[in-house]
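*Asks:* From the sequence below, what's the structure:
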Amino acid sequence: QTAHRSYEEQQDNPGDWEAWSSQGPMNVHRREYLGTTDEGIALLRTKLKKDIRAVGKGKKLSIVEGSESSPVNTYGGDTILRMPPDAEDDRSLMKRLINEVFDLYRSADRLDPRKRRDYVTRELAARYPGAV
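*Replies:* Modelled structure (predicted):
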């Protein structure tokens, strides 16, 4: 989505563009109301702030660099699993699932991008029946 839609369309059916642009040129994080699905964003921001302070103190960061023939893969938060709550410890459940899903994504790195999504979807459905 882009700003090409009329004001009326944007008001009647807001989407990602409206969510991004309505925050203004600089988002003030203190005004946000983060939910449990935003936990990854909060963790990333914490890491970035820590790294910025480290660089400010003259420390060097280890940076992974890719090349055209060997890119650095990144992993988006586009996987939603509908899991029943863990009566004992939801945080442990989330950590375990995060690691398992990340390992699954990493195992698909070798695949052609067109086959990658099908592989990940199939594996998630097999590992977590009813959750995908």
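
*Asks:* So in the protein, where's the weakest helix or strand by average pLDDT?
*Replies:* helix 16-21 (a mean of 80; mean pLDDT, DSSP states H and E).

*Asks:* buried ones in that helix?
*Replies:* By neighbour count on 16 or more other CB atoms under 10 Å, the buried set for helix 16-21 is residue 18. The way it works is simple: take the backbone N, C-alpha and C, and place the C-beta from them, glycine included.

*Asks:* Can you give the distance of that helix from its chain's centre?
*Replies:* Between the centre of helix 16-21 and the centre of its chain there are 17 Å (CA atoms, centre = their mean, to the nearest Å).

*Asks:* any idea which helix or strand comes after it?
*Replies:* Going down the chain from helix 16-21, the next helix or strand is helix 39-56, by DSSP states H and E.

*Asks:* in the very next helix or strand once past that next one, what counts as buried?
*Replies:* Where DSSP H and E defines the elements, the next helix or strand beyond helix 39-56 is helix 90-107. For helix 90-107, a neighbour-count test (16+ other CB under 10 Å) marks 97, 101, 105 as buried.

*Asks:* Please apply the same query to stretch 113-132.
*Replies:* Across stretch 113-132, burial judged by 16+ other CB under 10 Å covers 119-120, 123-124, 132.

*Asks:* Endpoint to endpoint, stretch 29-40 covers what distance?
*Replies:* Terminal residues of stretch 29-40 are spaced 14 Å apart (CA to CA, to the nearest Å).

*Asks:* let me fix that: stretch 22-33
*Replies:* For stretch 22-33, the first-to-last residue distance is 15 Å (CA to CA).

*Asks:* And for stretch 36-49, what's in contact with it?
*Replies:* Under the criterion CB atoms under 8 Å, 6 or more residues apart in numbering, residues 29, 32, 34, 77, 94 lie in contact with stretch 36-49.

*Asks:* And the least confident helix or strand of the chain, what does it pack against?
*Replies:* The contact analysis (3 or more CB pairs under 8 Å, 6 or more residues apart in numbering; DSSP states H and E) places helix 16-21 against no helix or strand.

*Asks:* Please renumber the chain so that the first residue is 19 from this point on.
*Replies:* Sure, I'll start numbering at 19, so the last one becomes helix 34-39.

*Asks:* That's all I had, so thanks and see you.
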